[in-house]
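Visitor: pasting the sequence and the predicted model now:
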Amino acid sequence: MRNEDVLHGHMRTHLMGASGGTAAFERVAHTHGIPEVAAGLKAMAEEIKQERDWLREMMADVGIEPSVISRLASQGAETFAKFRPTLRLVGRSELMDVLQLEALYAAVATKRNGWRYMRQAARAGANLDLAQIDELERWADSQLERLRDWHALTAATHFPA
């Protein structure tokens, strides 16, 4: 497989994650039990939308078309995620606030690693904007820091010492 093919596949997969991630952040923001965290997650969803748009632009710059199959798979996965068990028969478990933040953290860490991969591809000759990739990685680092803080707040609120 050529390096270009690998990059194209990676960017399509990254876009699929960004699309699903946007929906996940919006869903968790809507259901989170702590208003401060919910508001932060809603704002972060807007950041991720902007990142997704930048990724689409980067893909266009290197001649990559988004995958219809990946988009549909992402939509299906997000729909399925809405029907996960809540560990309660009635109502919503506070544990879900914690678990959902952990899942979002893992998604952002994976996204950050994707930007690192794209930086390496750019250094190897891919027509990608290094400055933009550096900025996207800084955004991901900031998002991870905020998610850690919200996780600590959520855990302390729902499970006080």
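Guide: On my side now, so go ahead.
Visitor: how about the residue nearest the centre of the chain, what does it touch?
Guide: The residue lying closest to the centre of the chain (Cα atoms, centre = their mean) is G21, at 4.0 Å. Residues near G21 by Cβ atoms under 8 Å, 6 or more residues apart in numbering: 48, 104, 107-108, 111. (Glycine included, C-beta is placed from N, CA and C.)
Visitor: and those, which is closest to L153?
Guide: Closest to L153 out of the contacts of G21 is L104 (14.1 Å), distances taken as Cβ to Cβ.
Visitor: how close does the closest one get to R146?
Guide: 10 Å (Cβ to Cβ, to the nearest Å).
Visitor: same check on E36?
Guide: From E36 over to R146 (counting by Cβ to Cβ), the distance is 11 Å.
Visitor: what's the closest non-adjacent residue to A122?
Guide: L128 (4.0 Å; Cβ to Cβ, 6 or more residues apart in numbering).
Visitor: tell me the contacts of the one you found?
Guide: Applying Cβ under 8 Å, 6+ apart to L128 gives the contacts 58, 61-62, 118-119, 121-122.
Visitor: now do the same for it: helix, strand or coil?
Guide: With DSSP: H, G, I helix; E, B strand; the rest coil as the basis, L128 sits in coil.
Visitor: could you list the low-confidence segments of this structure?
Guide: 1-2, 67-92 (pLDDT under 70).
Visitor: helices of that one, start to end?
Guide: 3-31, 35-61, 68-81, 94-123, 130-158 (DSSP state H).
Visitor: distance of E26 relative to A131?
Guide: From E26 to A131 the distance is 29 Å (Cβ to Cβ).
Visitor: what's around the nearest residue to K111 once chain neighbours are set aside, how many residues?
Guide: In this structure, K111 finds its nearest non-sequential neighbour in A140, 5.5 Å apart by Cβ to Cβ, 6+ apart. Neighbourhood size, A140 [other Cβ atoms under 10 Å]: 22.
Visitor: in contact with A140, which residues are there?
Guide: Contacts of A140 (Cβ under 8 Å, 6+ apart): 108-109, 111-112, 115.
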